[in-house]
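S.K.: what follows is a predicted protein model with its sequence.
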Amino acid sequence: MKIGVLISGRGSNLQALIDAAQVRGFPAEIALVISNIPGVYGIERAERAGIPTRVVDHKSFAGKAPFEDALHDELTTAGVELVCLAGFMRLLTEGFVSRWPDKIVNIHPSLLPSFKGLHTHERALEAGVRFGGCTVHFVRPAMDDGPIIVQAAVPILTNDTVDALTARVLAEEHRIYPLAVKLIAQGRTRVDGERVTIADAEAPAAALVNPQG
Ligand code: GAR
């Protein structure tokens, strides 16, 4: 399966996908990386891995529709079948999302549906929740919304800091994003309403909670 990765920054999740795709037998390859921000480190990571890159700068378009048309054209020209948002910080409109039905996935650094949006770790610490985590989900037009594919939880410790929690969650992000892409590329995910079921789960816990794979 050809995937396109959309980024806005440093691209550590992109790197996790690059590394996974380099392992023999991984069922997906990265056909294109697009950043909406010029000069970000994620683009360098892709170039180093020999992956085609594009910058589609939202600021150079007169509105969301032409920006998203440009994204769509780049993705379809590259033969992309699955779009992976990896720290892509633009909200995609219904118009774009409906052109890619259940073919866009996102990673978010919280246990959705809690803590959508920004500053998730600060807010989790403020709320005093005992677990943080991350979620890979199919994208719907609302922010950080859509059927959940994989989640991983981490404990929140007494006297935790934002930096420590961020790092703990990020390590899990790097583990579950490639896993979610693998499950989709293997054709093992099915969206029923707003829920995802995973077929032939030989992985521990059906790949749903802190999967080891
Ligand atoms: C990641 O923590 C990702 O989950 C988050 O941005 C970071 C990007 O880091 N995404 C969101 O908050 C989306 N709502 P990266 O560029 O190193 O992958």
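M.R.: That came in fine, so what should we check first? Residues are numbered from 1 along each chain as shown.
S.K.: please make it C-alpha for all contacts and neighbour counts, starting now.
M.R.: Fine.
S.K.: what about the nearest residue to residue 42 once chain neighbours are set aside, neighbour count?
M.R.: If the residues on either side of it in the chain are set aside, residue 42 comes closest to residue 11, at 4.2 Å by C-alpha to C-alpha, 6 or more residues apart in numbering. For residue 11, the number of neighbouring residues by other C-alpha atoms under 10 Å comes to 23.
S.K.: wait, what's in contact with residue 11?
M.R.: 41-43, 45, 86-87 (C-alpha atoms under 8 Å, 6 or more residues apart in numbering).
S.K.: any chance you could map the helices in this protein?
M.R.: In chain order, the chain shows helices spanning 12-21, 41-48, 64-77, 94-97, 120-127, 162-185, with DSSP state H as the criterion.
S.K.: and the longest one, what does it pack onto?
M.R.: Based on contacts counted as 3 or more C-alpha pairs under 8 Å, 6 or more residues apart in numbering; DSSP states H and E, the elements that helix 162-185 packs against are helix 12-21, helix 120-127, strand 131-138, strand 148-155.
S.K.: pLDDT on the second one, on average?
M.R.: For helix 120-127, the mean pLDDT works out to 98.
S.K.: pull out the buried residues from that helix.
M.R.: By neighbour count on 16 or more other C-alpha atoms under 10 Å, the buried set for helix 120-127 is 120-121, 124-125.
S.K.: what about it, distance to the chain center?
M.R.: The gap between where helix 120-127 is centred and where its chain is centred comes out at 21 Å by C-alpha atoms, centre = their mean, to the nearest Å.
S.K.: what does that helix contact?
M.R.: Residues contacting helix 120-127 (C-alpha under 8 Å, 6+ apart): 109-110, 115, 132, 156, 160-162, 165-166.
S.K.: send the alpha carbons of that helix over as CSV?
M.R.: Extracted as CSV, the C-alpha positions of helix 120-127 are listed here (Å, rounded to 0.1, in the frame of the first residue of the first chain):
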residue,chain,number,x,y,z
THR,A,120,-2.7,17.7,25.7
HIS,A,121,-0.1,16.8,28.3
GLU,A,122,-0.4,20.1,30.2
ARG,A,123,-4.1,19.6,30.4
ALA,A,124,-3.8,16.0,31.4
LEU,A,125,-1.5,16.9,34.3
GLU,A,126,-3.8,19.8,35.3
ALA,A,127,-6.8,17.4,35.3
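S.K.: do it and the ligand meet at all?
M.R.: No - applying C-alpha under 6 Å from any ligand atom, one finds helix 120-127 out of contact with the ligand, separated by at least 7.6 Å.
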